[in-house]
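Asker: Here is the input, now give the coordinates:
(one chain, ligands or ions: 1)
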Amino acid sequence: MELQLALDLVNIPEAKQLVKEVEEYVDIVEIGTPVIINEGLRAVKEIKQEFPHLKVLADLKIMDAAAYEVMKASEAGADIITILGVAEDLSIKGAVEEAKKQGKKILVDMIGVKNLEERAKEVDGFGVDYICVHTGYDLQAVGKNSLEDLATIKRVVKNAKTAIAGGIKLNTLPEVIKAKPDLIIVGGGITGQEDKRAVAAEMKKMIQQGE
Ligand SMILES: O=C([C@H](O)CO)[C@H](O)[C@H](O)COP(=O)(O)O
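Answerer: Model prediction:
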């Protein structure tokens, strides 16, 4: 099980400071969609340059022009790029093809997918690297989480790794670990805490013990 730190509500200098605090305990740094909207792919480039030993995920949430956007994120140094599960099949296949050419990986974000089981099976057949269940900020605000969705995709996904994101905190991490996803994505559960380093260290320890 890997731990991904999601950076969403920061600028580039703040992102660098945050990664410095917790770098020992995370496997992947996500440059979140809001950061890319504000700072562009420069954020991916600068974080990869400063922390070359960490994998960097560009959360582009691609919907169209997939091969082109995967190419641009790859050029900026991203190791993993996200595309939406609700995108056209052709777009997801195009993203996978381009990522393979560039030696990169594709994570499919299943946010907003209604027919989760069926779509996860289909997307798994396209050769994607990760399939991620995700409760976005707007559904978190009304008390939702992704645990049931994780169980659903784990039943049907045979090739890709599984991932979970959305509102995971120290107190909810044990039930996530019990469900055994390959990748656990945490944003505010680390970045919103007073002692980020201590929380990240504790999360990493819990994940290692759960393996
Ligand atoms: O992908 C995300 C969201 O859509 C904003 O871009 C977050 O990175 C993801 O939800 C993880 O963040 P937390 O929910 O704060 O853990």
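
Asker: Once you drop chain neighbours, what's closest to the residue of the chain at minimum distance from the ligand?
Answerer: With Cβ to the nearest ligand atom, the shortest gap between the chain and the ligand falls at Gly187, namely 2.5 Å. For every residue, glycine as well, the C-beta is placed using N, CA and C. Of all residues not flanking Gly187 in the chain, Ala6 sits nearest, at 3.5 Å (Cβ to Cβ, 6 or more residues apart in numbering).

Asker: Leaving out the residues flanking it, which one is nearest to the most centrally placed residue in the chain?
Answerer: Against the mean C-alpha coordinate of the chain, by Cα atoms, centre = their mean, the closest residue is Ile185 at 5.7 Å. Nearest residue to Ile185, sequence neighbours excluded (Cβ to Cβ, 6+ apart): Ala165, at 3.7 Å.

Asker: Tell me the backbone dihedrals of that neighbour, please.
Answerer: phi -150, psi 150 (degrees, to the nearest 10).

Asker: What's the separation between it and Met110?
Answerer: 10 Å (Cβ to Cβ, to the nearest Å).

Asker: Which one's more surrounded, these two?
Answerer: With neighbours defined as other Cβ atoms under 10 Å, Ala165 and Met110 compare such that Ala165 has more, 26 against 22.

Asker: Make sure that one is actually in contact with Leu5.
Answerer: No - using Cβ atoms under 8 Å, Ala165 makes no contact with Leu5, being 11.4 Å away.

Asker: can you list residues touching both of the two?
Answerer: Common contacts of Ala165 and Leu5 (Cβ atoms under 8 Å, 6 or more residues apart in numbering): Gly187.

Asker: burial count for the residue nearest to Glu88 when sequence neighbours are not counted?
Answerer: In space, and not counting its chain neighbours, Glu88 is closest to Asp64: 7.6 Å by Cβ to Cβ, 6+ apart. Residues lying near Asp64 (other Cβ under 10 Å) number 13.

Asker: Got phi/psi on Asp64?
Answerer: Torsion angles, degrees, to the nearest 10, at Asp64: phi -160, psi 170.

Asker: Output the lowest mean pLDDT helix or strand found in the protein.
Answerer: Within the chain, no helix or strand scores below helix 137-140, which has a mean of 94 by mean pLDDT, DSSP states H and E.

Asker: Show me which residues of that one are buried.
Answerer: Leu139 (16 or more other Cβ atoms under 10 Å).

Asker: Alpha carbons only: can I get it in PDB?
Answerer: Output of helix 137-140 as PDB, limited to C-alpha atoms (Å, rounded to 0.1, in the frame of the first residue of the first chain):
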ATOM      1  CA  TYR A 137     -15.200  17.900  -1.700                       C
ATOM      2  CA  ASP A 138     -18.900  18.500  -2.600                       C
ATOM      3  CA  LEU A 139     -20.000  15.100  -1.500                       C
ATOM      4  CA  GLN A 140     -17.700  15.000   1.500                       C
END
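
Asker: Thanks a lot, see you next time.
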